[in-house]
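Asks: Compute the structure for the input listed below.
(one chain, ligands or ions: 2)
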Amino acid sequence: MATFSLLPGSVALITLTNPPVNALSAAVRAGIVQAVQRSVEDPKVKSVVICGQNGRFCGGADIREFAGPMSGPPLVPLIHAIEALDKPVVAAIEGLALGGGLELALGCHYRIAHTTALLGLPEVTLGLLPAAGGTQRLPRLAGLPAALDLITTGRHISGTEALELGIVDQVTDGSALDIALEFAKSIVGRPLNTRRLSTLPCRCPTDIDNLLDRFMVQVRQRARGALAPVACVGALRAAATLPYAQGLRKERELMDTLFNSGQARALQYAFFSQRVVGKWTLPSGARWDNTTSRTISTAAVIGLGTMGRGIAVALALAGMSVVAVETQEKQLSEARQMVPAMLQREAGRRGLDTAPGVISFCSSLQDVSEVELVIEAVFEDMALKLQLFRQLSAVCKPDTLLCSNTSGLDIDQLAAATQRPGLVVGMHFFAPAHIMKLLEVVCGTRSSPETVATVMQLGKRMGKVSVAVGNCPGFVGNRMLKPYTEQANFLLEEGAMPEQVDKVLEEFGFPMGVFRMSDLSGLDVGWRIRKAAGLTGPGVEPTRTRQGRRYSPLPDQMCEAGRLGQKTGRGWYQYDGPGGRVARSDPWVQTFLDAYRARHNLAARVIAAEEILERCLYSLINEGFKILQDGMAAGPEDIDAIYVFGYGWPRHRGGPMFHAGQVGLARVLEKLEHYQQLHPDVAPMKPSMLLRRLVAAGSPPIQKWRELIHRERVHSQL
Ligand SMILES: CC(C)(COP(=O)(O)OP(=O)(O)OC[C@H]1O[C@@H](n2cnc3c(N)ncnc32)[C@H](O)[C@@H]1OP(=O)(O)O)[C@@H](O)C(=O)NCCC(=O)NCCSC(=O)CC(=O)CCCCCCCCCCCCC(=O)O
Ligand SMILES: NC(=O)C1=CN([C@@H]2O[C@H](COP(=O)(O)OP(=O)(O)OC[C@H]3O[C@@H](n4cnc5c(N)ncnc54)[C@H](O)[C@@H]3O)[C@@H](O)[C@H]2O)C=CC1
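Replies: Numbers count the residues shown, from 1 in each chain. Ligands and ions are numbered 1, 2, ... in the order given. I've put the predicted structure just below:
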């Protein structure tokens, strides 16, 4: 709702009241309509201030309402009514003014903001555009270039930046509401014509077409198939070239298309998934809201290679005092040079003069004896990690949490090597660890709820999307990646080229296809793991079957030929030299694949894009269903958040499990059955029992899957 109160000085105060973000639900919009009407009719009212309850102006439309039929007074006429008032209206912006919230403020005659308030039009991140006049009023106020930037990225800006861009009239470090109330009294009787943004011309540079064309090219490249950013440019072109009323019609037309699109549904689902994963539950019944967490202020990182360096930076950026340990002298001295520079650069990128935490370097484990939490990031070698956990258990204080950044080893085995198994948990970061948003928190069978809560909380402080997952080989993300990469290798055996597979995946929206990604991370990473698992190495025959399953020795043979990817300047592609970044097709790969196929009597065939996409994606999705069935992820949202934040899954496609729902579960099942028939020796193609059950249950919407899984689990325990 929205409340009306008449304050001394004849100021009407309209307060938006809908915690936690005062979203513009139907009730709030109805409340504003009534309060505006009273302000018009009451002769005692000389000016109006609009604010939000609890120091938060407004978080925009109530996104939950988008899922059902729209009801209540629409926002566009409401904002027009405010703008048309002949009593001055001032927006007092504290906390946030986002989306429809900022559009409401743009309909007011003046805007006063707190310096730290967040302002923005993030609709594009929800697959929409600012359709309450935002695309038409903002360029009239801040100019076309600034509006293009803000509306196509959806980025939030501070009150201070909003002042620089002319979006607000004044900022304060004190109470924006108090200042707005005083200001509203002082401007009674001033002419308002120049304050009605819809009546002003759009502020454009002379070369509008050139600017818009250049911007459109950039936006299309960045969007990777997302519709909303492109539509935003279209609406801004209308603002720049048409009268306001026509521009507004164009805005609405574009919004109607976006509003009903699968992409908008996917992006809104992704918004809520990100929040759902914070509300974790463990099989024991421990949950985010019934478990206390500890606040960590000192931590250690062991091993300063690729991952350890980034983790140390991420911890220091979250305000921690970090002890960084490395035994190799060369690595240590490199880290001493590079890590402070990384820290400074990232702090600067986040608008900080200095990082809130500090990092000290050493080579002895004894120096970690006093810290509250340790993250191990040494080589992926179980024997080495076990020895380290034994040492840490002896050296550290009895209540220190011991965490591993392993990308797939058994957390329970590590826990068993210590005297404190309840305090052991996996913290699986993604490279580069100070930038990538995902953290998989791997809960062992003996990890205590308090340990999980503490690490989830720490992840949040580090700005990560933390997802609690179960302890199984590869956890969630890497476990699903395995059948996906395996399938890509099989496609090469059958006739595809790496660039063809990558093109299909990149057109789907991944920033990089599977082979370009493999070249970037290094083919030797998987090779080492396969060697440790006895799948390749001296004495192992290079056949197409291993341990009773179909296997592709192609990546092993690439490594044996010294083609480790970008680091060696040669991999699935060729580069200008070791460390080169620009991938070019390599005739060597064609010859290599031809020889391989000839050796194994495989006839190369032309493979359609559809088959490439289906085989890669559906084998990954199928593993996701198996993970849900095994209880290794609490719900589909967890898997989807992992893929969006850690593996480059295009956000406008929601995540793999959401995508399966969009395609149709019955169709995914049918395709898996079809490919399994063609490739009976490829186990990951065997449709999961859960997928079959969901299809049998009529393919319920994704929001209902948890319930069904829970019911099935309870049933199977009876
Ligand atoms: C606001 C935040 C920055 C706060 O962050 P933080 O403090 O970290 O808290 P959170 O944990 O994120 O959030 C707390 C809690 O609040 C929920 N929540 C947050 N924002 C919203 C919201 N806007 N709506 C609903 N719920 C919200 C959040 O989910 C949490 O709850 P929980 O999940 O239960 O834990 C951050 O939350 C944030 O960034 N929020 C989103 C801000 C945003 O994106 N705002 C823009 C919304 S879209 C908008 O405003 C568009 C419009 O207003 C358009 C008007 C349209 C007019 C024209 C309509 C035309 C329609 C055409 C239809 C044609 C149809 C047809 O004919 O078929
Ligand atoms: N590289 C990646 O993209 C990712 C790696 N991981 C995991 O992170 C861990 C580390 O991987 P990387 O950083 O890539 O390895 P890396 O090889 O770059 O670095 C490992 C570092 O640990 C040091 N080290 C070895 N034993 C040590 C000991 N006893 N004490 C102190 N330092 C020791 C090494 O000298 C080396 O500097 C592995 O478990 C890996 O599986 C997890 C996610 C992504």
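
Asks: and the strand or helix carrying residue 638 with ligand 2, contact?
Replies: Assessed by DSSP states H and E, residue 638 sits inside helix 636-646. No: using Cβ under 6 Å from any ligand atom, helix 636-646 stays clear of ligand 2, with a minimum separation of 9.4 Å. (C-beta placed from N, C-alpha, C; glycine too.)

Asks: how far out from the middle of the chain is that helix?
Replies: The chain centre lies 8 Å from the centre of helix 636-646; the measure is Cα atoms, centre = their mean, to the nearest Å.

Asks: Equivalent analysis for stretch 15-25, please.
Replies: With Cα atoms, centre = their mean, you get 25 Å for stretch 15-25.

Asks: per-residue confidence averaged over it?
Replies: Mean per-residue pLDDT for stretch 15-25: 98.

Asks: How about stretch 109-118?
Replies: 98.

Asks: Stretch 150-169 too?
Replies: Computed over stretch 150-169, the mean pLDDT rounds to 98.

Asks: re the thing from before, who touches the helix or strand that the helix holding residue 638 is followed by?
Replies: Per DSSP H and E, helix 636-646 leads on to helix 656-663 as the next helix or strand towards the C-terminus. Helix 656-663 has contacts (Cβ atoms under 8 Å, 6 or more residues apart in numbering) with 262, 265-266, 269-270, 273, 480, 617, 620-621, 624-625, 628, 636-637, 639-640, 643, 649, 653-654, 668, 691, 699, 701-702, 705.

Asks: close to ligand 1, is the helix holding residue 638?
Replies: No: using Cβ under 6 Å from any ligand atom, helix 636-646 stays clear of ligand 1, coming no nearer than 10.9 Å.

Asks: Count the residues that sit near the one residue in the chain that gets nearest to ligand 2.
Replies: Relative to ligand 2, the nearest point of the chain is residue 305 (1.7 Å; Cβ to the nearest ligand atom). Neighbours of residue 305 under the rule other Cβ atoms under 10 Å: 15.

Asks: pLDDT score for it?
Replies: Here the pLDDT value assigned to residue 305 is 94.

Asks: again, but for residue 717
Replies: 59.

Asks: picking up where we left off before, in contact with the residue of the chain closest to ligand 2, which residues?
Replies: 331, 377-379.

Asks: out of those, which are buried?
Replies: Buried subset of those (neighbour count, 16 or more other Cβ atoms under 10 Å): 331, 377-378.

Asks: In strands only, show me those residues.
Replies: Of those, none are assigned to strands by DSSP state E.

Asks: Identify those among those residues that sit within helices.
Replies: Using DSSP state H, the subset of the buried ones among the contacts of residue 305 located in helices is residue 331.

Asks: Show me which of the buried ones among the contacts of residue 305 is closest to residue 314.
Replies: The shortest approach to residue 314 among the buried ones among the contacts of residue 305 belongs to residue 377, at 11.5 Å (Cβ to Cβ).

Asks: average pLDDT for the strand or helix carrying residue 272?
Replies: With secondary structure defined by DSSP H and E, residue 272 is part of helix 262-276. Averaged across helix 262-276, pLDDT comes to 97.

Asks: in the stretch 501-650 of the chain, what residue is nearest ligand 1?
Replies: In the stretch 501-650 of the chain, the residue that lies nearest ligand 1 is residue 637 (10.9 Å; Cβ to the nearest ligand atom).

Asks: the inter-axis angle of the helix or strand hosting residue 482 versus helix 636-646?
Replies: Assigned by DSSP H and E, residue 482 belongs to helix 477-494. Inter-element angle recorded for helix 477-494 and helix 636-646: 70 degrees (by axes from the mean of the first three to the mean of the last three Cα atoms, to 10 degrees).

Asks: what helices or strands is helix 477-494 leaning on?
Replies: With contacts defined as 3 or more Cβ pairs under 8 Å, 6 or more residues apart in numbering; DSSP states H and E, the packing partners of helix 477-494 are helix 498-508, helix 514-521, helix 554-560, helix 587-599, helix 609-630, helix 636-646.

Asks: tell me which parts of the stretch 51-200 of the chain are close to ligand 1?
Replies: With Cβ under 6 Å from any ligand atom as the criterion, the stretch 51-200 of the chain meets ligand 1 at residues 59-64, 75-76, 96, 98-100, 122-123, 126, 128, 131-132.

Asks: if we go to 5 Å?
Replies: Taking Cβ under 5 Å from any ligand atom as the contact definition, the stretch 51-200 of the chain meets ligand 1 at 59-63, 75, 98-100, 122-123, 131-132.

Asks: Equivalent analysis for the chain, please.
Replies: Proximity of the chain to ligand 1 is confined to 20-21, 23, 59-63, 75, 98-100, 122-123, 131-132, 255-256, 259, 275 under the rule Cβ under 5 Å from any ligand atom.

Asks: Distance check, the nearest residue to residue 576 once chain neighbours are set aside against residue 574.
Replies: Once flanking residues are discounted, residue 576 sits nearest to residue 582: 6.5 Å by Cβ to Cβ, 6 or more residues apart in numbering. To residue 574, residue 582 is 10 Å away according to Cβ to Cβ, to the nearest Å.

Asks: Of these two, give the one with the bigger neighbour count.
Replies: residue 574 (19 against 9).

Asks: what residues does the stretch 301-450 of the chain put near ligand 2?
Replies: When proximity is defined as Cβ under 5 Å from any ligand atom, the stretch 301-450 of the chain approaches ligand 2 at 302-303, 305-307, 326-328, 331, 377-378, 380, 405-407, 431.

Asks: Many thanks, we can stop here.
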